[in-house]
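Enquirer: Let's see this in three dimensions:
(2 chains)
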Amino acid sequence: MKIRTKKDYIKSLRDQKVVIYYNGELVEDRTTFPAFIPHINSAAKTYELALLPENEDLLTAISNVTGKRINRFTHIHQSVDDLIKKVQMLRLIAHETASCFQRCVGFDALNSLYMTTYEMDEKHKTKYFERFLEYLKKIQEENFMLVGGMTDPKGDRSKRPSQQADPDLFTRVVEKRKDGVVVRGAKAHQTGAVNSHEIMIMPTQAMGEGDEAYAIVAAIPLDAKGITLIFGRQTNEERKFECGIDAGNCDFGMVGGEALVVFEDVFVPWERVFMCGEIDFTGMLVERFATLHRQNYGGCKGGVSDIVIGASALAAQYQGTLDASHIKDKLVEMLHLAETVYSGSVACSAMGSKTKSGAYYPDPLLANCTKHNITRFIYDISRLAHDIGGGIMATLPFDKDLRSPVVGKYVKKYMKGIEGISTETRMKILRLLENMTGGTALVESMHGAGSPQSQRIMYQRLGKLGQKMKMAKKIAKIDE
Amino acid sequence: MSAAGRQWPHCGREKSDKRSSTAIKRVALKYCGGCNPVFDRVTYVEKIKSAAGPDIEWVTLDDEGLDAVLFVTGCETACPLRSIDFSQYKHALLIKDDNVSSQDLVKILLESEETNED
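Expert: Next comes the predicted model:
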């Protein structure tokens, strides 16, 4: 495991020169760029915590491939216990960062590919699994951070990839060579891309006949020739440059830091290609990746919600309302919602099963329910946080006003809450709440790991409606 | 009664060769993963280590020649129970809260062998 510490991680990012654009400008050093530092700090926690004895049971695992102790984010789930530990780990890290730490997407890509390449080989007599194992060993040994590159831009959603006016709107193979393939297209909303080492591109949806060029899975270093990253604008992102109270969580940010990753005729050698044209396995791969990713959300969002709940209680305390019955009731409701989403993640893990490859897989219906609850409950939790925090959360003066030699005395005087708590302390907690419960952070809860409609489609497929109708008829004594 | 006091008699204590009670004990420390602990496990362990001073040499489960094992778990679930066979350890102490004083806990760890001779 070559990357062990935060220092190792940052050095590895600095050593790898990736082309990244931020607000129209090329970023010279991604490790010192203020807009990326919180995301780096957050991802670095996945390395730092793995070194602590009090967290090693969750942050590390024994590799089924090499027998060595590895970072859990590179592990293939070998049991239901592993599935549960994944969820526990996510909640734990969220308590440290109060933000997305980005490594789960690559983790889920590895697991979904492990089980799918195995079954692909079984049917097509290909050699993808063997090839993938070699790649997995490298990832585990180096402890690389991997982007899970699934989402294509998709253009006109009513048309299949091969029917698009611009064929590049879905990532595709434009040339097959003796030594590899050439890839063109883009992956959108790529969490953690600017501070990762490699990207695993995967098909964005089930592909049909005629879409074979779009059935491509490949691992590509982010410094490969032809790759350009364009960072996504976030709510309040200019506050990161101030490094003050107004950023809310200046050390770790509010979301994962998403980027558009463009592939302009990128060459990938065959040893890094794990699907090429097998359209019959694209649906399986997408469903497995989605399920593994949806499994996560009650863990990480549950953990982030714990911070929102704590901050809401502190905001109430600082303004003297903590003992009011309606505030207590709202905090109880928030606790209920947070534990409900966590329960979903634990439940789909507990009901997980063994795949042909030996890797374990969460219950897909329950995993989809978990993510679907996130699209609702995080909004509910945020709404209650706004209710408790009050309008002041949205109208507070600037941090610089607080420190102004002219108006600072007014901010201190009129923004004060209860005695014994400074205005600055009150502002810190209100800003934390403001930043965690609005804008990009909320939209991420809606669409990260798939929009709610994609979960509803899964209910139709997995919900056994026919069986439920039969049960109802039996109870009602209906024979026809 | 504390969690520590409850767990100790159920953790595979067996008779062992008599040793001097003043000898330094090798105690393996094993935490649960700490997903959502109900107490600060690390602070509690620091207090225990401080109370033990030089009387206990703290090692890990991978080490040999253990006199006892202290499992520090953050809640009633006690996740290590899912994957670790406690019966393999002669003296295993499982704690799920910080209700026992660090001094009392050290006393239990250090006096384990005298108790075994009863």
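
Enquirer: how near is A:Arg291 to A:Gln467?
Expert: Arg isn't right for residue A:291; it's Thr. 21 Å (Cβ to Cβ, to the nearest Å). Heads up, the C-betas are built off the backbone N, CA and C, glycines and all.

Enquirer: With A:Phe170 instead?
Expert: 36 Å.

Enquirer: low pLDDT regions in the chain?
Expert: Went with chain A since none was named. A:1 (pLDDT under 70).

Enquirer: Chain B was what I was after
Expert: Within chain B, the stretches with pLDDT under 70 are B:1-22, B:112-118.

Enquirer: Spatially central residue (nearest the centroid) of it, please.
Expert: With distances taken as Cα atoms, centre = their mean, the residue of chain B nearest its centroid is B:Leu70 (2.3 Å).

Enquirer: Name the helix or strand for that residue, please.
Expert: strand B:68-72 (DSSP states H and E).

Enquirer: Would you agree A:Thr370 is in contact with A:Gln295?
Expert: Yes - judged on Cβ atoms under 8 Å, A:Thr370 makes contact with A:Gln295 at a distance of 6.6 Å.

Enquirer: got any residues that touch both of those two?
Expert: Counting by Cβ atoms under 8 Å, 6 or more residues apart in numbering or on different chains, the common neighbours of A:Thr370 and A:Gln295 are A:Ser345, A:Cys348.

Enquirer: neighbours around the residue in chain B positioned nearest to chain A, how many?
Expert: With Cβ to the nearest Cβ as the measure, B:Gly33 is the residue of chain B nearest to chain A, at 3.0 Å. Around B:Gly33 there are 23 other residues, counting by other Cβ atoms under 10 Å in any protein chain shown.

Enquirer: so what's it closest to, chain neighbours aside?
Expert: Excluding its sequence neighbours, the residue lying closest to B:Gly33 (Cβ to Cβ, 6 or more residues apart in numbering or on different chains) is A:Leu58, at 3.0 Å.

Enquirer: so where do the strands sit in the chain?
Expert: The chain I'm using is chain A. Ranges of strands in chain A, per DSSP state E, are A:20-22, A:25-26, A:60-62, A:69-71, A:146-149, A:172-176, A:180-191, A:198-201, A:216-221, A:227-231, A:258-269, A:273-276, A:353-354, A:360-361.

Enquirer: ah, I was thinking of chain B
Expert: Residue ranges of the strands in chain B, as given by DSSP E, are B:25-31, B:56-59, B:68-72, B:92-95.

Enquirer: what would those strands look like in JSON lines with distance to chain A?
Expert: Shown next, in JSON lines, are those (distance: least, Cβ to the nearest Cβ, whole Å):
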{"stretch": "strand B:25-31", "distance to chain A": "4"}
{"stretch": "strand B:56-59", "distance to chain A": "10"}
{"stretch": "strand B:68-72", "distance to chain A": "8"}
{"stretch": "strand B:92-95", "distance to chain A": "13"}
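
Enquirer: Can you name the residues of the stretch 201-350 of chain A sitting close to chain B?
Expert: Proximity of the stretch 201-350 of chain A to chain B (Cβ under 8 Å from any Cβ of the partner chain) is limited to residues A:Asp306.

Enquirer: highest average neighbour count across the strands of chain A?
Expert: Highest mean neighbour count of the strands of chain A: strand A:146-149, a mean of 28 (counted as mean count of other Cβ atoms under 10 Å in any protein chain shown).

Enquirer: what helices or strands is that strand leaning on?
Expert: Secondary-structure packing of strand A:146-149 (3 or more Cβ pairs under 8 Å, 6 or more residues apart in numbering or on different chains; DSSP states H and E): helix A:104-124, strand A:180-191, strand A:198-201.

Enquirer: Can you list the strands that it pairs with?
Expert: Here strand A:146-149 has these sheet partners by DSSP bridges: strand A:198-201 (parallel).

Enquirer: In contact with A:Thr117, which residues are there?
Expert: Neighbours of A:Thr117 in contact, by Cβ under 8 Å, 6+ apart: A:Tyr128, A:Phe129, A:Arg131, A:Phe132, A:Phe274, A:Met275.

Enquirer: ditto for A:Gly463
Expert: A:Leu365 are the contacts of A:Gly463 under Cβ under 8 Å, 6+ apart.

Enquirer: which stretches of chain B form helices?
Expert: Listed in chain order, the helices of chain B (DSSP state H) span B:3-7, B:41-52, B:80-83, B:102-110, B:112-116.

Enquirer: Make JSON lines from those helices and add distance to A:Leu13 to it.
Expert: JSON lines is the format used below for the helices of chain B (distance: least, Cβ to Cβ, whole Å):
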{"stretch": "helix B:3-7", "distance to A:Leu13": "43"}
{"stretch": "helix B:41-52", "distance to A:Leu13": "29"}
{"stretch": "helix B:80-83", "distance to A:Leu13": "34"}
{"stretch": "helix B:102-110", "distance to A:Leu13": "42"}
{"stretch": "helix B:112-116", "distance to A:Leu13": "49"}
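
Enquirer: what's the most buried one of the ones you listed?
Expert: Neighbour counts (mean count of other Cβ under 10 Å) averaged over each of these peak at helix B:102-110, with a mean of 18.

Enquirer: ok and the residue in chain A nearest chain B?
Expert: When scored by Cβ to the nearest Cβ, chain A has A:Leu58 as its residue closest to chain B, at 3.0 Å.

Enquirer: In this structure that residue contacts A:Lys85, no?
Expert: Yes - here A:Leu58 reaches A:Lys85: they are 5.5 Å apart, a contact under Cβ under 8 Å.

Enquirer: and for those two, which residues touch both?
Expert: With Cβ under 8 Å, 6+ apart, A:Leu58 and A:Lys85 have common neighbours A:Arg72, B:Gly33.

Enquirer: what is the nearest residue to B:Phe86 once chain neighbours are set aside paired to in the beta sheet?
Expert: Distances taken as Cβ to Cβ, 6+ apart place B:Ala92 nearest to B:Phe86, at 4.9 Å, with adjacent residues excluded. Counting by DSSP bridges, B:Ala92 is bridged to B:Val69.
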